[in-house]
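Enquirer: With the sequence up front, the predicted model follows.
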Amino acid sequence: MQRRKTRAVRVGGITIGGGAAVSVQSMTNTDTRNVNETVAQIHRLEKAGCDIVRVAVPDAAAANALKEIKNQINIPLVADIHFDHRLALKALEAGVDKLRINPGNIGAREKVEAVANAASERGVPIRIGVNAGSIDKAKYGPPSAESLANSALDQVRVLEELDFHGIVISLKSFDAPMTIAAYRRMSELVDYPLHIGVTEAGLAWEGTIRSAIGIGALLAEGIGDTLRVSLTTDPVEEVKVGMEILYALDLREPPFTVISCPTCGRSGVDISVLAEDVKDRLSKRKMARPLKVAVMGCAVNGPGEAAMADVGITGGSGVGMIFVKGQLARKVREEELVDELMKEIERIEHDQES
Ligand code: SF4
């Protein structure tokens, strides 16, 4: 997949843009002033694969908590600030790795300049985040791809005039087609890295689909350097969805992939139970290398339909099959299918090592 060329921006130990792997971000939903709860949630996010985490900084007490949070986590920390430039300065002093702040919301030029200078001295980038819901309608008109892009461009110019170029841009809307059009437009106008996402995407199920469509369409066109899935649920789910979007587009390699058939009248076994069991066992073991593992409903079509899998099983009436690269390896009793599959995976890994 050809990705659009963007500038590289460093966020702590992670690079956004410049051809770096697309990173996955999330945002805590704890009270940032509660350091223990916030750190605990960030650790869960880290474990799920989150590359960069953002916390809300609504007041001085939250800004004062940033240093302690930063000391206890292993991934880059972003401070999300609205209006008050003093909070941005405090966040920078606390050692955050990125700011999310819109220059247009800060007010006087001296205030923006103070933030840009302090960020520049520390090598900390700024994300300009324009949302359809908060766009200045009097100035830019109703939310549209064009008004989102124009609003963001004005904010970019403010920073550029201050000779600040460590910029990341987001242009989010609940409306997936509008979001896609806005990012397409922006990617033609600037080469700053783009943080992509569909904002306020909704509850877990609908929001996952809306996000996968919006984010997936952009990534498939090579647009997007970092992403956040916005869901009304535990933010760990946002990270899982973000990772799956990247796996689906071959932009990241998963530790394993379970391929399972939809089942039909030929299936003699409950595939969803089998596939969940296989997924559960694979997620608990350390894979020597990424494997595609198939769980198919019948021996007639299963091995052929899942020929791209490294190894797989098919159900049957009491007797199932283990197949390797589409070829029958052996028959096993149905109740031993998953145990035997795991043994086959160990064998494959062992053979590859020796
Ligand atoms: S593998 Fe067999 S059971 Fe599954 S969808 Fe194909 S034909 Fe149906």
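Expert: Everything's here; your move.
Enquirer: Check the residue of the chain found nearest the ligand and give its pLDDT.
Expert: Here the chain gets closest to the ligand at one residue, Gly297, 2.6 Å apart by Cβ to the nearest ligand atom. C-beta: built from backbone N, CA, C; applies to glycine. The model reports Gly297 with a pLDDT of 92.
Enquirer: Ramachandran angles for the residue nearest to it when sequence neighbours are not counted?
Expert: Excluding the flanking residues, the one nearest Gly297 by Cβ to Cβ, 6 or more residues apart in numbering is Ser267, at 3.1 Å. In this entry, Ser267 is assigned phi and psi values of phi -70, psi 130 (degrees, to the nearest 10).
Enquirer: which strands and helices sit next to the strand or helix carrying Glu238?
Expert: In this assignment (DSSP states H and E), Glu238 forms part of helix 235-248. With contacts taken as 3 or more Cβ pairs under 8 Å, 6 or more residues apart in numbering; DSSP states H and E, helix 235-248 sits against strand 23-27, helix 35-48, helix 204-220, strand 226-228.
Enquirer: try 7 Å this time
Expert: strand 23-27, helix 35-48, helix 204-220 (3 or more Cβ pairs under 7 Å, 6 or more residues apart in numbering; DSSP states H and E).
Enquirer: between those, which gets nearest to His165?
Expert: Closest approach to His165 among the helices and strands packed on helix 235-248 (Cβ to Cβ): strand 23-27, 19.5 Å.
Enquirer: The closest one pairs with which strands, and in what direction?
Expert: strand 52-56 (parallel), strand 226-228 (parallel) (DSSP bridges).
Enquirer: Kindly reformat those as JSON lines containing mean pLDDT and mean neighbour count.
Expert: Shown next, in JSON lines, are these (pLDDT from 0 to 100; neighbours: other Cβ atoms under 10 Å):
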{"stretch": "strand 52-56", "mean pLDDT": "98", "mean neighbour count": "22"}
{"stretch": "strand 226-228", "mean pLDDT": "98", "mean neighbour count": "28"}
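Enquirer: Using CSV, lay out the ones you listed together with distance to the ligand.
Expert: Shown next, in CSV, are those (distance: least, Cβ to the nearest ligand atom, whole Å):
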stretch, distance to the ligand
strand 52-56, 40
strand 226-228, 32
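Enquirer: Count the neighbours of Ser267 for me.
Expert: Ser267: 18 surrounding residues under other Cβ atoms under 10 Å.
Enquirer: Thr28 is in contact with Ile42, correct?
Expert: Yes: counting by Cβ atoms under 7 Å, Ile42 touches Thr28, with 6.3 Å between them.
Enquirer: Overlap of the contact sets of those two?
Expert: Residues touching both Ile42 and Thr28 (Cβ atoms under 7 Å, 6 or more residues apart in numbering) are Val53.
Enquirer: helices or strands next to the helix or strand of the chain with the lowest mean pLDDT in the packing?
Expert: None of the helices or strands of the chain scores lower by mean pLDDT, DSSP states H and E than helix 103-106, at a mean of 81. For helix 103-106, the elements it packs on are helix 109-122, helix 145-161, judged by 3+ Cβ pairs under 7 Å, 6+ apart.
Enquirer: For the ones you listed, could you give me CSV that also reports mean pLDDT and distance to Ile313?
Expert: CSV is the format used below for the helices and strands packed on helix 103-106 (pLDDT from 0 to 100; distance: least, Cβ to Cβ, whole Å):
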stretch, mean pLDDT, distance to Ile313
helix 109-122, 95, 54
helix 145-161, 94, 47
